[in-house]
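>>> structure for this input, please:
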Amino acid sequence: MAENESRFTLTSVAVVCRHLLGIQALPHVVHLIQEFTENTSQRALLGVLEEGNYHLFTRVLHAVDESLNMIHHEKLRQYRYAMQLVPCKMTLEEGALGAMQQLYDRYSGALDDEAASYIAKTAELPMMKWLYKVKPRLFKDFPACKGHIFMHASLKGRGDVIRWLVKLFPDAVWSLVNAARGGHLKVLKWLTKRTNWDDNSWLHNNRTEGCTSAAMDEAARNGHLDVLEWLHANRSEGCTPQAMKNAGSGKGQWSKSTMDAAAGRGHLDVVKFLHENRHDGCTKEAMNTAARENHLEVVKFLHGNRREGCTKAAMNAAAKNGHLEMVKWLVENRREGCTKSALPAAALGGHLKIMKLLHANYNFDWSHKAIDDASSAGHTEVVKWLYYRLNQTLHNFAANTSVYYVGCGNGNPEVAKWYIDHHGNPRKRKR
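Take a look at the predicted model:
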């Protein structure tokens, strides 16, 4: 039977069926077996990995080996894709290393540079040693090796991988930045005591990381106060104004952007430390971003202790994001106010309380964009308030049928109904 021969069968299924000939008398069972084996051949290794059925990996791998449905090239492609997925999906405990070894035994080309980069991201020592054993050439290109394995190991605080790399490359120069970025103080201390690192190294000249001032900046940006305090106390470089330009842009100094970033991420303790121990300061973006991200305590601290202030962008962003308490505080304590774009932005998000607050405190010539945005997003209560409360020339816009059609098109029938109640059904008007 040529049709049956064209289908591959799992070894275990074949054995069972061979010894239980009576199974042929159960057509529904035969159908299920065929359906399972066919689906396995189609999904094969990728399906097993994507769906998390790791216990089936070896069985399905053998099924792919034996498959008559796939030509040799298709099998190699599955092995290659599986090699990339295994380190992303499986852990060591789930058998990742064994799975990669099985794939490599079948097709060494599956372990290409892309797969190696995924393996490097795991920062697992057994995987690193296996990679070095089967593909030592990858480690000859030291900068590329360091840029992947060492970076991810430092970010994750994997001291075992870092010590192994340092032993492997004893004369190399290492960066402190990623350990600081990840907040791994023990790793950072070990690197400064046991390894070579040099601000004039290749790494410093070719990457934006490589000096301890950059490490301090990364620690501050990511809220690692213990790392920041240790670097400040033990390294002389500090967050100097000319330590390093912002990555790739060539604009702005790391020093001021450090407090800006810490404020925007809500790291109040870091902001206080920088304020008390550094003289680099910040820019208006510190309060702007803190307001945008709803870090009220940071905004209050900057307001009470620094002179940079903020811009209208602070209230605009807070209004857009629905941060009612932030908007209230800015209205009561700051003089910058907002621009006329704040109301449409709040309307688009359906933030009616913020809209009322802005309308009560600022005398702007609000455009009809607010009602347009509110209707497009289906915020009926906002549309009603704008229509009835604002003493603006909205009637010209309200008569425009766009409100109705926007409500219909965006799946907001309540907006369309509101329009019909006040202006009639535009589809029934005489033309």
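
>>> any regions of the stretch 151-300 of the chain where pLDDT drops low?
197-212, 235-255 (pLDDT under 70).

>>> hmm, try it at 80
For the stretch 151-300 of the chain, residues meeting the criterion pLDDT under 80 lie at 196-213, 235-255.

>>> tell me where the protein has strands.
With DSSP state E as the criterion, the chain has no strands.

>>> any idea how it splits into domains?
174-193+210-233, 365-430 (the TED database).

>>> residue contacts, K129?
K129 sits next to W164 when contact means Cβ atoms under 8 Å, 6 or more residues apart in numbering. In short, each C-beta sits where N, CA and C put it, glycine included.

>>> and the gap between the residue nearest to L296 when sequence neighbours are not counted and G182?
Leaving aside its chain neighbours, L296 sits nearest to M326 (5.6 Å; criterion: Cβ to Cβ, 6 or more residues apart in numbering). As judged by Cβ to Cβ, to the nearest Å, M326 and G182 stand 30 Å apart.

>>> does A219 touch A180 like I think?
Yes: the pair A219 and A180 passes the contact test of Cβ atoms under 8 Å, sitting 4.4 Å apart.

>>> sorry, back to before: wait, the residue nearest to L296 touches N294, no?
Yes: the criterion here is Cβ under 8 Å, and M326 meets it with N294 at 5.6 Å.

>>> report the set of residues contacting both of the two.
Residues touching both M326 and N294 (Cβ under 8 Å, 6+ apart) are A318.

>>> with neighbour numbers in mind, choose between those two.
More neighbours surround M326 than the other of M326 and N294, with 24 against 17 (other Cβ atoms under 10 Å).

>>> sorry, back to before: okay, and the common contacts of A219 and A180?
Shared contacts of A219 and A180 (Cβ under 8 Å, 6+ apart): 227, 231.

>>> starting at the chain centroid, how far to stretch 95-113?
28 Å (Cα atoms, centre = their mean, to the nearest Å).

>>> pLDDT (mean, whole number) over that stretch?
Stretch 95-113 comes out with an average pLDDT of 96.

>>> what's that stretch in contact with?
54, 57-58, 61, 65, 76, 79-80, 82-83, 86-87, 90, 119, 122, 124, 126-127, 130-131, 134-135, 138.

>>> how long is that stretch end to end?
22 Å (Cα to Cα, to the nearest Å).

>>> switch to numbering from 604
Yes, from this point I'll number from 604; that puts the last item at stretch 698-716.

>>> give the buried residues for it.
Neighbour counts using 16 or more other Cβ atoms under 10 Å place 698-700, 702-703, 705-707, 709-710, 713-714 of stretch 698-716 among the buried residues.

>>> wait, H787 sits on S757?
Yes: assessed by Cβ under 8 Å, H787 is found in contact with S757 at 7.1 Å.

>>> ok, those two, which is more surrounded?
Legend: neighbour count by other Cβ under 10 Å for H787 and S757, higher for S757 (29 against 23).

>>> now do the contacts for the more buried one.
765, 778, 780-782, 784-785, 787, 790.

>>> again, only using 10 Å
Neighbouring residues of S757 by Cβ atoms under 10 Å, 6 or more residues apart in numbering: 726, 749, 764-765, 768, 777-785, 787, 790-791, 794, 812.

>>> what about the residues you listed, which are in helices?
Among these, DSSP state H puts 764-765, 768, 780-785, 790-791, 794 in helices.

>>> any chance of those residues in a markdown table, with distance to H954 and neighbour count too?
As requested, these are exported to a markdown table (distance: Cβ to Cβ, whole Å; neighbours: other Cβ atoms under 10 Å):
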| residue | distance to H954 | neighbour count |
| --- | --- | --- |
| V764 | 47 | 24 |
| I765 | 48 | 25 |
| L768 | 51 | 24 |
| V780 | 39 | 27 |
| N781 | 39 | 22 |
| A782 | 41 | 32 |
| A783 | 38 | 31 |
| R784 | 35 | 21 |
| G785 | 36 | 23 |
| V790 | 44 | 24 |
| L791 | 43 | 27 |
| L794 | 47 | 22 |
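
>>> looking at the buried residues of stretch 698-716, which is nearest A949?
Distance to A949, by Cβ to Cβ, is smallest for A699 among those, at 48.6 Å.

>>> which of the buried residues of stretch 698-716 sit farthest apart?
G698 and Y710, at 18.5 Å, using Cβ to Cβ across the buried residues of stretch 698-716.

>>> re earlier: okay, and which of the buried residues of stretch 698-716 map to helices?
Using DSSP H, those in helices are 699-700, 702-703, 705-707, 709.
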